[in-house]
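A.B. asks: Fold the following.
(2 chains)
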Amino acid sequence: MAKVLMKGNEAIALAAIKGGVDAFYGYPITPQNEVPEYLSKHLLANGKVFLQSESEVSAINMVYGAAGAGARVMTSSSSPGIALKQEGISYIAAAELPCLIVSVMRGGPGLGGIQPSQADYYQATRGGGNGDYSLIVYAPETIQEVADTIKESFDIADYYRNPVMVLVDGLIGQMMESVDFDKPIKERFLPEKDWATNGTANHPGRRNVANSLQIDPNALEQHNIHLQEKYNLIKKNETRYEMINFDDPEYVIVAYGTMARICRSAIEMLNKEGIKVGMIRPISLFPYPEKAFDEIPKNAKGILCAELSMGQMLDDVLIANNGRHKVGFFGRSGGMLPDPEEIVDAIKNFSERVVK
Amino acid sequence: MMKKVTFLTGYYGSGKTEVAMNLAIQKEIDVIVDLDVINPYFRTREMEAFLSENGIETISSDRDSKMHLDMPFISKKIFNPLYNEKKRVIYDLGGSDQGAKLMRQFDDYKDMDYDLLVAINIFRPETDHEDEIVKLINRIEGTSGFKVTGLINNSNLLKDTTLEDIQKGQIVVEKVSKKLNLPIAYTSYWNEIDDTGFNVSNEILKLKLYFRKNWF
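C.D. replies: Below you'll find the predicted structure:
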């Protein structure tokens, strides 16, 4: 297949089909509606399952059920809709079931607005659900990267038996770019889903149960230790980031998704003025690319964390920086997008931006 | 010469709104009507202030929060340009046959002097072949109740577009033109593409991409 021109949300849907999705459950919400719209047409036409549930809560529990039965399954939503799904997400993580959750962020808090935002970083990486669980969270920057990540995320979810979240903002969902859907993805050895609750005919003599209830505190602690070991393995193997223009930079910007796109333009403008600025672009938000911060030169003047929020990834930047450099923050919120000039200005007046 | 009334339609995401903006500015149109009830972002109404500076009136929704509301409100003022003999107007429809449904409200104006142009981008997944495009045109005519009068080759991969891509699109659109006996009104493409030696028998419309910032 040659390159085609796709809207981000359509690309999410088509890439999911290319990734072998068996079933989609969801409930409409702007700005991600083109995902279910596209899948409603193309999944049903190919004998797969598409179901618009009566609410986000039932959608995520349908995902829980279908994932438990061993299907490749996904849901998608936007900020307040993802908030409604948190209980089910925690259950799925606890039961160690693979699935894909797409989150197309809009302005919050509350019902907020429909314009793009990155204010659900905490929601994605810290979870709104209960307990010591983590999602694997990817935040692609271009529609091509969106398509590649979605395709691969089913394999990653299956491999670790863990939900994967692909986190984009409304602009990436709504904008158009050319995409090649046939770019190969990393091959992984995926074991049989011998844990799937797909009927004893498939596993005679053994009863499989998908469950998150553990009454015995000893067993529950052991389960938590097992989950942490898995998350450590994920940290070791699945951390992704890009270092941009990292040639002895005076300042380093840390940004992801749409904000990284804006910062790329700002960096070009700054370089033309002779100010050397590099960028760390986290692609995985969990696991967070802490190691990348070791590459920042000792004499760098500071790190600017730029987000479409009031400062959420900033926590991870401060942890990764570990007191080595001055950290500043630039943020817009509510659906407002900055021009690159605003980032240029923030670097030039870095001292006013310093938070720690 | 553009007619008094031009309706712009096409498959979802084929670039109608950029074409409408450029036609309005380059052909000095008086009014642009945003009939998009499909998209939440990148609608003509976002350009209202800019269009106004260029002497072009925008009609869309009457709601105060129209810019950021995902609701299919359309102002009753959309009929005004039809009653003003001096004003030329472009109606920018939402995508595909669903978007073209809104033309049903113009049933009483069928004898007006109008063009209904279909923008075609062969790099969109459902209009990549002449047979698919013919089907789309049939559906648009069915839901709108109006006859299509012309085609626009707007084949592009946005900033990745090459001259060869436009030529590929031209070949497909010419086939549709022959099959349906419809003229090609324009071949439209980004004004930063080097088009040395490029030649088509119809009019060329060079597009300024008003909705793209330098960072996307």
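
A.B. asks: Could you pull up the contacting residues of residue B:117?
C.D. replies: B:6-9, B:148-152, B:185-186 (Cβ atoms under 8 Å, 6 or more residues apart in numbering or on different chains). C-betas here are computed from N, CA, C, even on glycine.

A.B. asks: Which SSE is immediately downstream of the helix or strand containing it?
C.D. replies: Element membership of residue B:117, judged by DSSP states H and E, is strand B:114-120. Note on strand B:114-120: by DSSP H and E, the next helix or strand toward the C-terminus is helix B:130-144.

A.B. asks: does that next one come close to chain A?
C.D. replies: No. Helix B:130-144 does not reach chain A (Cβ under 8 Å from any Cβ of the partner chain); its nearest approach is 13.0 Å.

A.B. asks: hang on, the earlier thing: the strand holding residue B:117 to helix B:130-144, inter-axis angle?
C.D. replies: 140 degrees (axes from the mean of the first three to the mean of the last three Cα atoms, to 10 degrees).

A.B. asks: who does strand B:114-120 pair up with?
C.D. replies: Note on strand B:114-120: by DSSP bridges, its sheet partners are strand B:5-10 (parallel), strand B:150-153 (parallel).

A.B. asks: hmm, back to that, tell me the buried residues within the contacts of residue B:117.
C.D. replies: Among these, those scoring as buried are B:6-9, B:148-152, B:185-186 (criterion: 16 or more other Cβ atoms under 10 Å in any protein chain shown).

A.B. asks: quick one: which of those is nearest to residue A:37?
C.D. replies: Nearest to residue A:37 among these is residue B:9, at 18.8 Å by Cβ to Cβ.

A.B. asks: now, which of the contacts of residue B:117 sits nearest chain A?
C.D. replies: Chain A has its nearest neighbour among these in residue B:152, at 15.4 Å by Cβ to the nearest Cβ.

A.B. asks: Mean pLDDT and distance to residue B:163 added to the strands paired with strand B:114-120, as TSV?
C.D. replies: As requested, the strands paired with strand B:114-120 are exported to TSV (pLDDT from 0 to 100; distance: least, Cβ to Cβ, whole Å):
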stretch	mean pLDDT	distance to residue B:163
strand B:5-10	96	22
strand B:150-153	98	13
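
A.B. asks: any idea which helix or strand comes after the lengthiest helix in chain B?
C.D. replies: In chain B, taking DSSP state H as the definition, the longest helix is helix B:163-180. Downstream of helix B:163-180, the next assigned helix or strand under DSSP H and E is strand B:184-190.

A.B. asks: For that next one, name the packing helices and strands.
C.D. replies: Packing contacts for strand B:184-190, counted by 3 or more Cβ pairs under 8 Å, 6 or more residues apart in numbering or on different chains; DSSP states H and E, involve helix B:16-26, strand B:114-120, strand B:150-153, helix B:163-180, strand B:203-207.

A.B. asks: could you say what helices and strands the worst-scoring helix or strand of chain B on mean pLDDT packs with?
C.D. replies: Every helix and strand of chain B was ranked by mean pLDDT, DSSP states H and E. The lowest is helix B:96-100, at a mean of 91. Judged by 3+ Cβ pairs under 8 Å, 6+ apart, helix B:96-100 is in contact with strand B:5-10, helix B:130-144.

A.B. asks: run the last query once more with 7 Å
C.D. replies: For helix B:96-100, the elements it packs on are helix B:130-144, judged by 3 or more Cβ pairs under 7 Å, 6 or more residues apart in numbering or on different chains; DSSP states H and E.

A.B. asks: coming back round to it: could you export the strands paired with strand B:114-120 to TSV, including columns for distance to residue B:71?
C.D. replies: Shown next, in TSV, are these (distance: least, Cβ to Cβ, whole Å):
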stretch	distance to residue B:71
strand B:5-10	21
strand B:150-153	29
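
A.B. asks: Between those strands, which one is closest to residue A:227.
C.D. replies: That would be strand B:5-10 among these, by Cβ to Cβ, at 50.3 Å.

A.B. asks: residues making contact with the closest one?
C.D. replies: For strand B:5-10, contacts defined as Cβ atoms under 7 Å, 6 or more residues apart in numbering or on different chains pick out B:16, B:19-20, B:82, B:89-93, B:95, B:99-100, B:103, B:112-120, B:140.

A.B. asks: For those residues, which PyMOL command selects only the ones that are buried?
C.D. replies: Those of those that count as buried under 16+ other Cβ under 10 Å are selected in PyMOL with:
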select buried, chain B and resi 16+19+20+82+89+90+91+92+93+95+99+100+103+114+115+116+117+118+119+120+140
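
A.B. asks: Could you list the contact residues of chain B toward chain A?
C.D. replies: Residues of chain B lying near chain A by Cβ under 7 Å from any Cβ of the partner chain: B:13, B:40-42, B:68, B:70, B:121, B:123-125, B:156-158, B:160, B:214-216.

A.B. asks: Of these, keep whichever come out buried.
C.D. replies: For those, a burial check counting by 16+ other Cβ under 10 Å picks out B:13, B:40-42, B:121, B:123-125, B:156-158, B:215-216.

A.B. asks: Among these, name the least confidently predicted one.
C.D. replies: On pLDDT alone, residue B:216 ranks lowest of these, at 77.

A.B. asks: Pretty sure residue A:175 is one of the things it touches, is it not?
C.D. replies: Yes. Under the criterion of Cβ atoms under 7 Å, residue B:216 is in contact with residue A:175, at a separation of 6.0 Å.
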